[in-house]
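> Predicted model, plus sequence, below.
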Amino acid sequence: MIEKIFKLKENKTDIRTEFLGGVTTFVTMAYILAVNPGILSASGMDANAVLIATALAAAIGCYAMAFLANYPFALAPGLGINAYFAYTVCLKLGFSWQFALFAVFVEGMVFIILSVTNVREAIFNAIPMQLRYGISAGLGIFIVFIGLRNAGIIVANDSTVVALVDFRVDFHTSGISAVLAVLGVYIIAMLHRMRLKGAMLIGIIVVWLIGILCQLTGVYTVDPSVGANSLIPSLSSFSIRDISKTFGQCFMIDFAAIKVSDFIVIIFVFLFSDLFDTIGTLIGVSSGAGMLDKDGKMPRIKQALLADAIATCAGAVLGTSTTTTFVESSSGISEGARTGLASFVTGTLFLLSLLFAPVFTAIPSFATAPALIFVGYIIMQAFSKLRFDDITEALPAALCTIMIALTYSVSDGMAAGIISYAAINLVCGKAKKVSPLMYVLAVCFLIKYIFL
């Protein structure tokens, strides 16, 4: 039955590999169970309800990806867009979180229409191969940066924007966390060199256990005020009935009071961010994993995008912000996952997390960060495929790579690549080699930045 559904032999994989991949992906993105409620609760939403909605939306998204597209991509409410939801739409603009959820639901419905009518697939296929390599390399650097930031190795700095953490200051909190993260990178690299299956998962668990030992011996000090939470799982529980506080609330708004102009702008931002974050992630991860065909196209891309859209609608009804494909899927793919069975495993673990949420949320970010750093290193190797002898191809790709990391956004990095690709080919007399859709995308991005 499993072979018939997921075609393991055809994809040169097996149940054990897919299971390990699915577990690894879940462990590296389990942080969303703690982070998403923390962000969305700023809008007035109940944190426990958001945690439940996050787990359920992620499970639905993973199952949709598994059975519709048979890809090992995992989905969950995305970072960045949830901050826009809470801090911009609700706190800055003053809209209710129910209104914001409705906007997400409408965005998901629009995505379903775009997916069914091949618009999203056409956008994916219109992006030139060299630009795809740039997106993939940028995604790799982005993942490394996220890992370094989550580990506390890279910190904010007023004069240089970012800087290396001072290991001597607050050693028993941020210092030891950064040290353990560095140790984790070397553990994973060593295990990977030994070709040991589950290298990243083992590395995550080993670093977590060492962290617990450090806490018990006083080397690591618990101080929630600086983000140094206890590494020992709590057995506290919450009621699944809390979901009633957000379920279906996206429809409990005063539609007559909605200004059409404001609503369109908000949906447009949700739409643009999700569209290009998803496409960028799919391009980056699938390119690095060799999942594209000989023409550089992704088989079953329509189904993958449809799964993303369905998950967004479901998440809005449950009570969470836009659900999207996660870059952390690359950690499971690096373990050999190649089919939807891995996504199914990840989705199932999200469901089980409702029973053991305190256990999963106790996994510290410095334990999962090494896996992200190592995965980013693997993906960024796509940069070596750039043709630097052709400036009309290499420069836009290079700009895209750098901007993804520096803007902390796949969408904004893609915008830099697409706009510069259209512009440089236009001024260099190579306008005809650029597809009309690329010019349309470039104009759309310019309009977004000028008027939004």
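Sure thing, it's come through.
> looking at this structure, which helix or strand does the model trust least?
helix 357-361 (a mean of 71; mean pLDDT, DSSP states H and E).
> before we move on, which element is L183 in?
Assessed by DSSP states H and E, L183 sits inside helix 176-193.
> quick one: contacts for the most centrally placed residue in the chain?
Geometric centre of the chain, nearest residue: F326, 2.9 Å, by CA atoms, centre = their mean. Residues in contact with F326 (CB atoms under 8 Å, 6 or more residues apart in numbering) are T25, M29, I32, F73, A74, L75, A76, G78, T281. Where C-beta positions appear, they are placed from N, C-alpha and C, glycine not excepted.
> pLDDT score for it?
If you check F326, the pLDDT there is 90.
> before we move on, the earlier item: show me what counts as buried in the helix holding L183.
176-185, 187-189, 191-192 (16 or more other CB atoms under 10 Å).
> what's the lowest-pLDDT member of those residues?
H192 (85).
> can you tell me which residues contact that residue?
Contacts of H192 by CB under 8 Å, 6+ apart are A199, M200, F374.
> and F99, how many neighbours?
Look at F99: counted by other CB atoms under 10 Å, it has 24 neighbours.
> contacting residues around it?
Neighbours of F99 in contact, by CB under 8 Å, 6+ apart: V89, I253, I258.
> Equivalent analysis for V27, please.
With CB under 8 Å, 6+ apart, V27 has these contacts: L201, I204, I363, T368, A371.
> same question, N425
Applying CB under 8 Å, 6+ apart, the residues contacting N425 are T392, A431, K433, V434.
> And for S343?
G22, C62, Y63, M65, A66, Y71, P72, F73, A74.
> still on that earlier bit, could I have the ChimeraX command that selects the buried members from the contacts of N425?
With 16+ other CB under 10 Å as the criterion, this ChimeraX line picks the buried residues out of these:
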select :392,434
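> Just the ones of the contacts of N425 in helices?
T392 (DSSP state H).
> and which of the contacts of N425 is nearest G340?
G340 has its nearest neighbour among the contacts of N425 in V434, at 34.7 Å by CB to CB.
> which residues sit in contact with that closest one?
Neighbours of V434 in contact, by CB under 8 Å, 6+ apart: Y421, A422, N425, L426.
> Now do the second one, the pLDDT please.
The score at A422 is 94. That number is its pLDDT.
> again with the third one
You'll see N425 listed with a pLDDT of 95.
> measure it to L209 for me?
Separation of N425 from L209 (CB to CB, to the nearest Å): 53 Å.
> and if you look at the second one?
Distance of A422 to L209, given as CB to CB: 51 Å.
> Number of residues surrounding I143?
29.
> my read: it touches S334, true?
No. Contact criterion CB atoms under 8 Å: I143 and S334 do not qualify, at 10.8 Å.
> Give the intersection of the neighbour lists for these two.
V375.
> So among the contacts of S343, which ones count as buried?
Members of these classed as buried by 16+ other CB under 10 Å are G22, C62, Y63, M65, A66, Y71, P72, F73, A74.
> still on that earlier bit, which among the buried residues of helix 176-193 gets closest to Y133?
Closest to Y133, out of all of the buried residues of helix 176-193 and judged by CB to CB, is H192, at 23.0 Å.
> So which of the contacts of F99 wins on neighbours?
V89 (24 neighbours).
> Verify the stated contact: that one with I267.
No. Contact between V89 and I267 fails when scored by CB under 8 Å: they sit 10.5 Å apart.
> which residues do the two both contact?
A103.
> circling back: can I get the buried ones among the contacts of S343 in TSV including secondary structure, distance to A163 and pLDDT?
Converted to TSV, the buried ones among the contacts of S343 look like this (DSSP: H, G, I helix; E, B strand; the rest coil; distance: CB to CB, whole Å; pLDDT from 0 to 100):
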residue	secondary structure	distance to A163	pLDDT
G22	helix	36	95
C62	helix	37	97
Y63	helix	42	98
M65	helix	38	96
A66	helix	42	97
Y71	coil	38	95
P72	coil	36	95
F73	coil	34	95
A74	coil	32	96
